[in-house]
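Visitor: no sequence on this one, just coordinates:
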Ligand code: TUI
């Protein structure tokens, strides 16, 4: 079965769950445009998630999902809200959903874990995942080590559930490339940041427009939570401290509340501007529906015109 049939959507495009950003306005815009919008519940309480779900339902009658960031400690509480509100699709990230899988499956929820490696992809399939997002290191936020180009065909060969590609996809060419590598769909985060509907501070969008190909960097490898973001004053300080081998606490203090600083206050120098490598190819802020139409048309054209000679 295709991803569009599985998820009851028009186009095989999922919107990546970006913490504090992927809320009702963006989620509903993506779903209304024929993709699957996904609420990022990381950092939310159960009641905050319920409010966001209700807001999304008020803006769209199309399907949407909720992402559970598994480093969170309130997954049970969030799960209860997801079930009560009748959300049908859950994506997971930054950990293994093993403990919760039986509860979600029992409730008839489709589970799509995001994974950075073949080994974890296999594990998720065994746990009963309905599909999988294979995310390359080009992505923004918490990332693995392998590139999408190398990871995707290896995951496709290793599992028999549908594979959705993520990391490094910024337009229709990237979508066509993902399908060429065996993907059944794509998940995109960074490109949706620079849309009119995205509820992130304007400065964050401008930082994405300004950033070039080499302007994102991965920090935090040493403490086991590597994160890709746009290089700025805070990141340079973080790198300096990392090299000095300072205590974990010092690093944590620097990053504490840093995402909120960038997302809500628009402080893109002292805040954490998580974004993927495709940020270098974003030149314009546009409405989600226009972006989706353009990307789908371009992907189809690229696929049709592909010649190898
Ligand atoms: O989760 C993401 N990206 C994220 S989460 C996030 S919030 C955050 N903020 C600050 C520090 C850290 C996180 C920002 N971006 N992507 C999906 C993803 N999942 N990438 C890697 C993984 C992953 C890692 C290990 C998935 C499963 C996994 O399993 C471990 C195991 O033992 O099976």
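Guide: All right, it came through fine. Note that the coordinates shown come from a computational prediction; the quantities given were computed from them, not determined experimentally.
Visitor: What parts of the stretch 201-309 of the chain come near the ligand?
Guide: 225, 227, 274 (Cβ under 6 Å from any ligand atom). For every residue, glycine as well, the C-beta is placed using N, CA and C.
Visitor: For residue 166, state which of the residues you listed is nearest.
Guide: Lowest distance from residue 166 to these (Cβ to Cβ) belongs to residue 274, with 13.9 Å.
Visitor: what's around that closest one, how many residues?
Guide: 27 (other Cβ atoms under 10 Å).
Visitor: just checking, it touches residue 227?
Guide: Yes: at 6.4 Å, residue 274 counts as touching residue 227 under the criterion of Cβ atoms under 8 Å.
Visitor: State which one residue of the stretch 1-150 of the chain is found closest to the ligand.
Guide: The ligand sits closest to residue 141 of the stretch 1-150 of the chain, with a gap of 2.2 Å, by Cβ to the nearest ligand atom.
Visitor: give me every residue that touches that residue.
Guide: Residue 141 sits next to 18-19, 189, 227-229, 274 when contact means Cβ atoms under 8 Å, 6 or more residues apart in numbering.
Visitor: what's the longest helix in the protein?
Guide: Ranked by residue count and defined by DSSP state H, the top helix of the chain is helix 288-305.
Visitor: buried set for stretch 10-23?
Guide: For stretch 10-23, a neighbour-count test (16 or more other Cβ atoms under 10 Å) marks 11-23 as buried.
Visitor: from those, which ones fall inside strands?
Guide: Secondary structure assignment (DSSP state E) places 13-15 from these within strands.
Visitor: In contact with the residue nearest to residue 287 when sequence neighbours are not counted: list those residues for me.
Guide: Excluding its sequence neighbours, the residue lying closest to residue 287 (Cβ to Cβ, 6 or more residues apart in numbering) is residue 196, at 4.8 Å. Residue 196 sits next to 285-288 when contact means Cβ under 8 Å, 6+ apart.
Visitor: which residues sit in contact with residue 276?
Guide: By Cβ under 8 Å, 6+ apart, the neighbours of residue 276 are 138-140, 167-168, 170, 189-190, 216, 228.
Visitor: Mind doing that once more with 7 Å?
Guide: Counting by Cβ atoms under 7 Å, 6 or more residues apart in numbering, residue 276 touches 138-140, 167-168, 189-190, 216, 228.
Visitor: go on, residue 115?
Guide: Per Cβ under 7 Å, 6+ apart, neighbours of residue 115: 121, 124, 132-135.
Visitor: how about a cut-off of 10 Å?
Guide: The contact partners of residue 115, by Cβ atoms under 10 Å, 6 or more residues apart in numbering, come to 92-93, 96, 121-125, 129, 132-135, 144, 151, 155, 159, 163, 166.
Visitor: near the ligand, which of those show up?
Guide: Counting by Cβ under 6 Å from any ligand atom, the subset of the contacts of residue 115 that neighbours the ligand consists of 93, 96, 123, 135, 144.
Visitor: I'd like to know which of those residues are part of strands.
Guide: Under the assignment DSSP E, these contribute 93, 135 to strands.
Visitor: Now, of the ones next to the ligand among the contacts of residue 115, which are buried?
Guide: Burial by neighbour count, judged by 16+ other Cβ under 10 Å, picks out 93, 135, 144 from those.
Visitor: Closest one of these to residue 200?
Guide: Nearest to residue 200 among those, counting by Cβ to Cβ, is residue 93 at 18.6 Å.
Visitor: mind checking pLDDT for that closest one?
Guide: At residue 93, the pLDDT value in this model is 96.
Visitor: nearest residue to it other than its sequence neighbours?
Guide: Nearest in space to residue 93, with sequence neighbours left out and distances taken as Cβ to Cβ, 6+ apart, is residue 114 at 4.4 Å.
Visitor: Touching, the one you found and residue 120? I think so.
Guide: Yes: using Cβ atoms under 10 Å, residue 114 is in contact with residue 120, at 9.5 Å.
Visitor: shared neighbours of these two, anything?
Guide: Here residue 114 and residue 120 have 132, 134, 144 as joint contacts, going by Cβ under 10 Å, 6+ apart.
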